[in-house]
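[1] this is a predicted model, with the sequence first.
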Amino acid sequence: MEWYSGDLDDESRRELVSEGGYGQWRLKLTKRFAIRPEIASRALQRERFTAQKLLEGADFRGWISKMKRIAKAALHPEHGILMIVYDRLDVLLKESFRQPTGDDDLDEWALDCEILIPNL
């Protein structure tokens, strides 16, 4: 609500509640809150998933979803996101999980990895 009342002028608020306003809401919110590609690229470089995080109860699937969102914001093509995810795993996890190929689907590969997690 702070965004609506503080950042938008009267005309913008009227546009949002007019007919077809849903599309306007989406555009305005996307413009206001979208991660800029250069910031997303830096965020990808900082992200790391480790065996220690698994031991602490971190959600592997949640991390992958986060990486997908960041990679898309950084304008990476869909087929390259899996390799980015794999690259950001620590060495112990890379040794435990199979290396993905260009034919792998990210969600299927993640499921294969999740099956192995209890045995790590």
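    Yes, it's here.
[2] quick one: the most centrally placed residue in the chain from E78, how far?
    The residue lying closest to the centre of the chain (CA atoms, centre = their mean) is R69, at 2.3 Å. Distance, R69 to E78, by CB to CB, to the nearest Å: 12 Å. All C-beta spots, glycine's among them, are computed from the backbone N, C-alpha and C.
[3] and for K28?
    26 Å.
[4] how does this structure divide up, domain by domain?
    2-33, 37-119 (automatic domain parsing).
[5] what about the helices in the protein?
    Using DSSP state H, the helices found in the chain span residues 2, 10-17, 21-33, 37-46, 51-55, 60-73, 78-87, 91-96, 106-116.
[6] export these to TSV and tack on mean pLDDT?
    TSV is the format used below for the helices of the chain (pLDDT from 0 to 100):
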stretch	mean pLDDT
helix 2	65
helix 10-17	70
helix 21-33	69
helix 37-46	95
helix 51-55	95
helix 60-73	96
helix 78-87	93
helix 91-96	96
helix 106-116	95
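[7] re earlier: pick the most buried one from the domains of the chain.
    Each of these was scored by mean neighbour count; the highest is domain 37-119, a mean of 14, by mean count of other CB atoms under 10 Å.
[8] starting at the chain centroid, how far to that one?
    Relative to its chain's centre, domain 37-119 lies at 10 Å (CA atoms, centre = their mean, to the nearest Å).
[9] and that domain, how far apart are its ends?
    The first and last residues of domain 37-119 sit 37 Å apart, counting by CA to CA, to the nearest Å.
[10] check stretch 101-111 too.
    15 Å.
[11] what residues are up against the residue nearest to Q99 when sequence neighbours are not counted?
    Spatially, and ignoring its direct neighbours in sequence, Q99 is nearest to Y86 (6.7 Å; CB to CB, 6 or more residues apart in numbering). The neighbours of Y86, taking CB atoms under 8 Å, 6 or more residues apart in numbering as the test, are K94, F97, Q99, P100.
[12] one more time with 10 Å
    By CB atoms under 10 Å, 6 or more residues apart in numbering, Y86 lies in contact with L93, K94, F97, R98, Q99, P100, D104, L106, W109, C113.
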